[in-house]
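[1] Here is a sequence together with a model predicted from it:
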Amino acid sequence: MEKLLEYFHKLLQAIDTSFLRYTYAEINWESRMIGLTGPRGVGKTTLILQYIKKNLNPAEALYVTAEDFYFADHKLIDLADAFVKQGGKHLFIDEIHKYKNWSKELKLIYDYYAELQVIFTGSSVLDINKGASDLSRRAVMHHMQGLSFREYLQLFHQISSDVYSLDDILAHQVKIPNLKHPLKFFAQYLRRGYYPFALEGDFDIRLQQIINQTLESDIPLFADMNVATGRKMKQLLAIIAKSVPFKPNFSNIATMLSASRNNIADYCLYIEEAGMVACGNETLVAIRRLQAQKG
């Protein structure tokens, strides 16, 4: 466990707390078990490390990622047991969906260690939603999206603004200090403003890595698919990106992908729930209809 502590303190020392995502204020950090989901790259890890740095005694906290080699031959519940015996009070587990049977062990940790708070994150929304049912009445779940336009202005251009409702915007009640024409930044936001890591450079490479990881690893692992099927979903994402607005013709898409028409609805739903696209109600109805016919 010493290596895990060493890695945690190294991350904590480097974390910046000058900008906090909207989700930070929405979470009741006093809850005994908290789950935070969202697409890869939206800032979940940064958010929980910021909370630790701003509010907790590092000697009583531990951050780990379920992808760590430590868990190749160690159980999560054994780590929790050892941590509690050393005076630990707050356990943070990142990328929890990478740990097999994670929901069952979290349930046991919750029941056995009443003095321990557990906060976990997961990028595979599909797997998290499936496992969260095992944690009903225990975990309080929150979902985190990418940057809003308001957050983008603050993080990228140091322009602060209040939160406005859609009604306020339509009624032209929005006032942003020191910015008369906010829409001049909107095109930049659409290109590179959703992910906070765009500030760090190599945005295109990082974005490609997220897409590959989600479509060729996260979803196939959840749905028990092979890698070739994951690549078909990548082709599907390319088709959607070139079709604005996207109105799915499942027969045509099946032909383009050399796939069964009956599987296209599942592919669409998977990439939507993984945060790769946002489907409108009409598209979701069409997907559900095809799934019903298939079932």
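    Perfect, thanks for sending it.
[2] on contacts alone, who are the packing partners of the helix or strand where residue 156 lies?
    Residue 156 is part of helix 149-157 when elements are defined by DSSP states H and E. Secondary-structure packing of helix 149-157 (3 or more C-beta pairs under 8 Å, 6 or more residues apart in numbering; DSSP states H and E): helix 186-192. C-beta: built from backbone N, CA, C; applies to glycine.
[3] Please state the offset of the helix it packs on from the chain centre?
    When distances are taken as C-alpha atoms, centre = their mean, to the nearest Å, helix 186-192 is centred 21 Å away from the chain's centroid.
[4] Tell me the helix or strand right after the helix holding residue 156.
    Of the helices and strands lying after helix 149-157 in sequence (DSSP H and E), the nearest is helix 166-170.
[5] Tell me, what's the model's pLDDT at the residue with the largest distance to the centre of the chain?
    When distances to the mean C-alpha position of the chain are computed (C-alpha atoms, centre = their mean), the maximum falls on residue 180, with 33.3 Å. If you check residue 180, the pLDDT there is 78.
[6] Over to the one 3 residues further on?
    pLDDT, the model's per-residue confidence, is 81 for residue 183.
[7] quick check, it in a helix?
    Yes: counting by DSSP: H, G, I helix; E, B strand; the rest coil, residue 183 is found in a helix.
[8] So what's the residue count around it?
    Counted by other C-beta atoms under 10 Å, the residues lying close to residue 183 total 9.
[9] next one: residue 136
    For residue 136, the neighbour count with other C-beta under 10 Å is 9.
[10] do you know how far it is from residue 35?
    When distance is defined by C-beta to C-beta, to the nearest Å, residue 136 is 11 Å away from residue 35.
[11] With residue 182 instead?
    Distance from residue 182 to residue 35, counting by C-beta to C-beta: 34 Å.
[12] When the two are compared, which one has more neighbours?
    It is residue 35, of residue 182 and residue 35, that has more neighbours when counted by other C-beta under 10 Å, with 24 against 16.
[13] Quick check: beta-bridge partners of that one?
    The residues paired with residue 35 through beta bridges, assigned by DSSP bridges, are residue 120, residue 141.
[14] Enumerate every residue touching it.
    For residue 35, the set of contacting residues under the criterion of C-beta atoms under 8 Å, 6 or more residues apart in numbering consists of 96, 119, 120, 121, 122, 128, 132, 135, 139, 140, 141, 142.
[15] What of residue 60?
    Contact partners of residue 60, counting by C-beta under 8 Å, 6+ apart, are 87, 88, 89, 90.
[16] What does the pLDDT read for it?
    Turning to residue 60, the model gives it a pLDDT of 97.
[17] Also residue 206?
    The pLDDT attached to residue 206 in the predicted structure is 92.
[18] One more: the one 3 residues further on?
    Among the per-residue scores, residue 209 shows a pLDDT of 91.
[19] what's near enough to touch residue 230?
    Taking C-beta under 8 Å, 6+ apart, we find residue 230 in contact with 215, 216, 217, 219, 220.
[20] From those, list just the buried residues.
    For these, a neighbour count by 16 or more other C-beta atoms under 10 Å gives the buried set as 215, 216, 219, 220.
[21] for these, which one is nearest residue 74?
    Checking the buried ones among the contacts of residue 230 against residue 74 by C-beta to C-beta gives residue 220 as the nearest, at 25.8 Å.
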